[in-house]
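Engineer: Fold the following, please.
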Amino acid sequence: MKVLTVRQPWASLIVSGIKDVENRSKATNYRGRIGIHAGQKVNADAMRTYGHLLPAQVPIGALLGTVEIIDCQRGMCSDWALPDHWHWVLAQPRRLRRPVPMTGHLGLWNYAGS
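Structural biologist: Okay, the predicted model is just below:
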């Protein structure tokens, strides 16, 4: 499975179905289901702004769930889309019952499972 490591709170917002766009500097041609991995770093400003939408503790260093990449474009009409970024358009999020601890990687990476 392909996996994308994302900082918190963005990772939890994605698997919760709240955030429908992932902003990236590069486009992707990949379409399909990917895992969402919460990296070790937390964006403190974003937690102050969006933390009320999430549980008090957000997991880090773990696979949280999956989501479909259905498109990649610039100029997406979403509150989450930042200007001058590629917008990886996300749909059908599924949260795992329990986060699976693991190490993340940069970019879209392959996870073979255990």
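Engineer: C-alpha from now on. contacts and neighbour counts both.
Structural biologist: Fine.
Engineer: I figured residue 105 hits residue 6, correct?
Structural biologist: No: counting by CA atoms under 8 Å, residue 105 stays clear of residue 6, with 9.5 Å between them.
Engineer: who's in contact with residue 4?
Structural biologist: Residues near residue 4 by CA atoms under 8 Å, 6 or more residues apart in numbering: 34, 35, 36, 37, 104, 105, 106, 107, 108, 109.
Engineer: roughly how far is the one helix or strand it maps to from the heart of the chain?
Structural biologist: Assigned by DSSP states H and E, residue 4 belongs to strand 2-8. Mean-position distance between strand 2-8 and its chain equals 5 Å (CA atoms, centre = their mean, to the nearest Å).
Engineer: One more: stretch 59-71?
Structural biologist: Distance, centroid of stretch 59-71 to centroid of chain: 5 Å (CA atoms, centre = their mean).
Engineer: Now it: buried residues?
Structural biologist: Residues of stretch 59-71 classed as buried by neighbour count (16 or more other CA atoms under 10 Å): 59, 60, 61, 62, 63, 64, 65, 66, 67, 68, 69, 71.
Engineer: For the longest strand belonging to the chain, give the mean pLDDT please.
Structural biologist: For the chain, the longest strand by residue count, based on DSSP state E, is strand 86-101. Taken as a whole, strand 86-101 has a mean pLDDT of 97.
Engineer: Next: stretch 6-24.
Structural biologist: 96.
Engineer: Pull out the buried residues from it.
Structural biologist: 6-16, 19-24.
Engineer: same thing with stretch 78-90?
Structural biologist: Quick answer for stretch 78-90 (16+ other CA under 10 Å): 81, 82, 85, 86, 87, 88, 89, 90.
Engineer: end to end, how far does it reach?
Structural biologist: The first and final residues of stretch 78-90 sit 11 Å from each other (CA to CA, to the nearest Å).
Engineer: same check, this time on stretch 3-21
Structural biologist: Terminal-residue distance, stretch 3-21 (CA to CA): 15 Å.
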